[in-house]
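> I would like to see how this sequence folds:
(4 chains)
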Protein chains: 2
Amino acid sequence: MSQSLSRALQILIELGEGERSLDQVAASLEVHKTTAMRLLHTLEADRFVRRDDRQRYHLGSRLFALGGAALAQHAIRDVAQPHLTRLAAETGGQAVHLAGYENGAAIYLAKVESTHAVRMYSRVGLPAALHATAVGKVLVADLPPGEREAVISGIDFRPFTSRTIADAAGYREVLARTREQGWAEDAAEHEDFINCVGAPVRDETGRVVAAVSVSVPDVILPREGVRALVPQLLAATEAISADWAGRSS
Amino acid sequence: MSQSLSRALQILIELGEGERSLDQVAASLEVHKTTAMRLLHTLEADRFVRRDDRQRYHLGSRLFALGGAALAQHAIRDVAQPHLTRLAAETGGQAVHLAGYENGAAIYLAKVESTHAVRMYSRVGLPAALHATAVGKVLVADLPPGEREAVISGIDFRPFTSRTIADAAGYREVLARTREQGWAEDAAEHEDFINCVGAPVRDETGRVVAAVSVSVPDVILPREGVRALVPQLLAATEAISADWAGRSS
DNA sequence: TTCCTTCGTTGCGTACTGTGCAACGGCGAT
DNA sequence: ATCGCCGTTGCACAGTACGCAACGAAGGAA
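Now for the predicted structure:
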């Protein structure tokens, strides 16, 4: 839509991966040095990027403040945080995630790290796959039918593991089951040897505003064991929903 | 430099203060609705902004990720964090700040909240006044003379309290004293009834890479009492400097 | 030292792209 | 059902962002 702005945003995204020189930026944008420089200077003037003494560009301090403000605007995060911590403790130190639906994507809003040494690749702010994660299923399952179909048709059913749902038909079945039982499962569909269960947080009108999931490596609990965590998960999401509904007080 | 980008950045800054409608954005930018809309759509496409069901615009989830990445790129923060926490505990639960110099400004990089009920206005990512804070003095004092003078001439010596340094001459004296004694003071120059001491963190070449300060309300300790904290402060900054110098291992 | 390479910076003409106007349409309120 | 508000679309104009080419500074090699 706006060419120069779009290019500038790409710069920011790329700088998120690490420092870059002017030439590197220009090359990856496929524009002339001059163009890259003008954008970088504009970004620098408002502290969105920073230049070190070696002329390398980094993300600037304004993004600290905006990142903090963005998180603060997702009030659900503050409400949920203590419940997430407690859920993690109750389930034996498993990884717990909170995700929200935004603009056709599920985004991780908060995370409690597992106390086990098994690392999972996820990070606050990054999107979660809609078809291969428990939170993705929960969030899509409750969309109004029209928007839900639009989202489904936009999904790239790329397989992450051999168990990843491979097409829209299978996905629709899973969504229906999710709505019926009130929770969703991810049986090693995103990462091999990791099973998850997820459940929705609802506002006072019953609409889903976020999703919570617990992720457990196979070596710690088999799939049936993870399913046994569902009651604790639902207790947590219901508590968050209650707090959220009464937040104005 | 780049008009449309500059306008888009203003949008992000304003959204950091709270949600806005399309018309509000257009009005504050003093541009036509169409223009504001195009910028917002471009920002939305890359998840820098988010639209809720009431057509209000908010900061988007991409800023979570970029904010986190920006913080992670300031490696000094991770090195310093444990020392800041310890310093806060050793000084009786005072507020402790870490700030870096960036592009003509001092920026708070990390903060340990005071355990006392007295609130201070500061926030990670926001700039600190160069002439009225201990960290500002420490960071400017050690700049190379040429850049230092350029920065000083750019300072607006606006008074925050009756004790705020009022002109460049007085500021230069204070900077000289800061260099001699290796630490700086803020005697209620920024906020009435709050005294601070600050000291530099240096890399292996001796260059200042950051500054640490302790802030204490008058009601808890008088000015002389705060000065008595300097040895503990210096112990902390020296420990951070040592860790920073040896970080490659 | 001196030369050479590399990389960031500047001036400028072109045309592309961002801009504002005006008209449309959807939605909520009265 | 009608009105009015606010977001959206098409379009013509010119302002602005673009790339070229030449300059200048910094670092390395000979």
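> For the closest residue to DNA strand D within chain A, give me its contacts.
When scored by CB to the nearest atom of the strand, chain A has A:Thr35 as its residue closest to DNA strand D, at 3.2 Å. Just so you know, the C-beta spots here come from the backbone N, C-alpha and C atoms, and that holds for glycine as well. Going by CB atoms under 8 Å, 6 or more residues apart in numbering or on different chains, A:Thr35 touches A:7, A:26, A:29.
> The same query, at a cut-off of 10 Å, please.
Contact analysis of A:Thr35 by CB atoms under 10 Å, 6 or more residues apart in numbering or on different chains lists A:3-4, A:7, A:25-26, A:29, B:2.
> Just send these back as a markdown table, with pLDDT, secondary structure and neighbour count too.
Putting the contacts of A:Thr35 into a markdown table (pLDDT from 0 to 100; DSSP: H, G, I helix; E, B strand; the rest coil; neighbours: other CB atoms under 10 Å in any protein chain shown) gives the following:
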| residue | pLDDT | secondary structure | neighbour count |
| --- | --- | --- | --- |
| A:Gln3 | 87 | helix | 11 |
| A:Ser4 | 89 | helix | 19 |
| A:Arg7 | 90 | helix | 18 |
| A:Val25 | 88 | helix | 23 |
| A:Ala26 | 89 | helix | 20 |
| A:Leu29 | 87 | helix | 17 |
| B:Ser2 | 86 | coil | 20 |
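> hang on, the residue of chain A closest to DNA strand D in a helix?
Yes: under DSSP: H, G, I helix; E, B strand; the rest coil, A:Thr35 sits within a helix.
> mind checking how far it is from B:Ala210?
34 Å (CB to CB, to the nearest Å).
> hang on, the earlier thing: among the contacts of A:Thr35, which are in reach of DNA strand C?
Restricting the contacts of A:Thr35 to those near DNA strand C by CB under 7 Å from any atom of the strand leaves A:3-4.
> who touches the closest residue in space to A:Val201 that isn't next to it in sequence in this structure?
Spatial nearest neighbour of A:Val201, chain neighbours left out: A:Ala210 (4.3 Å); criterion: CB to CB, 6 or more residues apart in numbering or on different chains. Applying CB under 10 Å, 6+ apart, we find A:Ala210 in contact with A:74, A:76-77, A:79-80, A:98-101, A:106-107, A:109-110, A:135, A:138-139, A:200-203, A:237, A:240-241, A:244.
> where does A:Ala110 fall, helix, sheet strand or coil?
strand.
> burial of it, as a residue count?
A count of nearby residues for A:Ala110, using other CB atoms under 10 Å in any protein chain shown, gives 22.
> Equivalent analysis for A:Ala169, please.
9.
> show me what contacts A:Pro145?
Counting by CB under 10 Å, 6+ apart, there are no residues that A:Pro145 touches.
> The residue nearest to A:Val201 belongs to a strand?
Yes: A:Ala210 sits within a strand when classified using three-state DSSP.
> roughly how far apart are it and DNA strand C?
A:Ala210 is 23 Å from DNA strand C, where distance means CB to the nearest atom of the strand, to the nearest Å.
> for A:Leu29, same thing?
Counting by CB to the nearest atom of the strand - A:Leu29 and DNA strand C are separated by 13 Å.
> My guess is that residue contacts A:Glu14. True?
Yes: between A:Leu29 and A:Glu14 there is a contact at 8.4 Å, judged by CB atoms under 10 Å.
> count of residues packed around A:Leu87?
24.
> can you pull the contacts of it?
A:Leu87 touches A:80, A:94, A:96, A:112, A:212-214, A:229, A:232-233, A:235-237, A:239-240, counting by CB under 10 Å, 6+ apart.
> starting at the chain centroid, how far to the helix or strand harbouring it?
Taking DSSP states H and E as the criterion, A:Leu87 maps to helix A:75-90. In terms of CA atoms, centre = their mean, to the nearest Å, the centre of helix A:75-90 is found 16 Å from the chain centre.
> could you pull out the strands for chain A?
A:49-51, A:57-59, A:95-102, A:105-112, A:127-128, A:184-187, A:194-202, A:208-217 (DSSP state E).
> Distance to A:Glu147 and mean pLDDT added to those, as a markdown table?
What follows is the strands of chain A, written out as a markdown table (distance: least, CB to CB, whole Å; pLDDT from 0 to 100):
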| stretch | distance to A:Glu147 | mean pLDDT |
| --- | --- | --- |
| strand A:49-51 | 36 | 88 |
| strand A:57-59 | 33 | 90 |
| strand A:95-102 | 10 | 91 |
| strand A:105-112 | 13 | 89 |
| strand A:127-128 | 17 | 90 |
| strand A:184-187 | 18 | 95 |
| strand A:194-202 | 16 | 95 |
| strand A:208-217 | 12 | 93 |
